[in-house]
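Dropping the sequence and predicted coords here.
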Amino acid sequence: MKNGQLESALKDFPNISETSVTKLHDILQGRAVGMRVLHVRYEDCGYVAYHGKLEKLRLNKKYKVSYCTLAENGDDATDYEISMFELAADLLHENLILSD
C-alpha cells in the first residue's frame, strides 16, 4: 500500500466490500479527515474499542486521531498520530470502521 499498490493488496482480501474499498481510497488519499471511527485494539491481554474522529492529516502521512473509550465522552479524548497505512490495514482486517 505504501507504494500505491492497493489493488495488489486487495487480492488477499477478495471478500472486501466496494464501500470498504472506497473508504480505503479515502484514507490513502487524505480524504478521510472528519470521518468518525470505531477502532478495536488489542491492549493488556484483551480487546478494547475506541471511538473517535480523524481530525487532520499531517505532512508525514499520519492522521491526527482523537480517541476515547466507549465509556468516555469526547471531552476525555486523547490525540494520537496514526499512519494512513496502519489505518488502511486495520480497515482491511476489520479492526476499524469508518463513518461520515
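Sure thing, it's come through.

how much space between Tyr42 and Tyr67?
Tyr42 is 15 Å from Tyr67, where distance means Cβ to Cβ, to the nearest Å. C-betas here are computed from N, CA, C, even on glycine.

higher neighbour count, these two?
Each of Tyr42 and Tyr67 has its neighbours counted (other Cβ atoms under 10 Å); Tyr67 has more, 19 against 9.

At the geometric centre of this structure, which residue sits there?
For the chain, the residue nearest the mean C-alpha position is Leu87 (3.4 Å; Cα atoms, centre = their mean).

the longest helix in the protein is where?
The residue-count maximum for a helix in the chain (DSSP state H) belongs to helix 18-28.

Spit out the contact partners of the residue nearest to the centre of the chain.
Ile27, Ala32, Leu54, Tyr63, Val65, Leu96 (Cβ atoms under 8 Å, 6 or more residues apart in numbering).

quick revisit: and after the longest helix of the chain, which helix or strand comes next?
Counting by DSSP states H and E, the next helix or strand C-terminal to helix 18-28 is strand 36-43.

Who are the packing partners of whichever helix or strand comes after that following strand?
Helices and strands here follow DSSP H and E; after strand 36-43, the next one along the chain is strand 46-57. When contacts are defined as 3 or more Cβ pairs under 8 Å, 6 or more residues apart in numbering; DSSP states H and E, strand 46-57 packs onto strand 36-43, strand 62-69.

before we move on, back to that, and the contacts of Leu87, which is closest to Val48?
For the contacts of Leu87, the minimum distance to Val48 (Cβ to Cβ) is 13.3 Å, reached by Leu96.

What is the neighbour count of the nearest residue to that closest one once chain neighbours are set aside?
Once flanking residues are discounted, Leu96 sits nearest to Asp90: 3.9 Å by Cβ to Cβ, 6 or more residues apart in numbering. Residues lying near Asp90 (other Cβ under 10 Å) number 18.

what is the orientation angle of the helix or strand hosting Asp90 with strand 36-43?
Asp90 is located in helix 84-92, with elements delineated by DSSP H and E. Angle of helix 84-92 versus strand 36-43, following axes from the mean of the first three to the mean of the last three Cα atoms, to 10 degrees, is 90 degrees.
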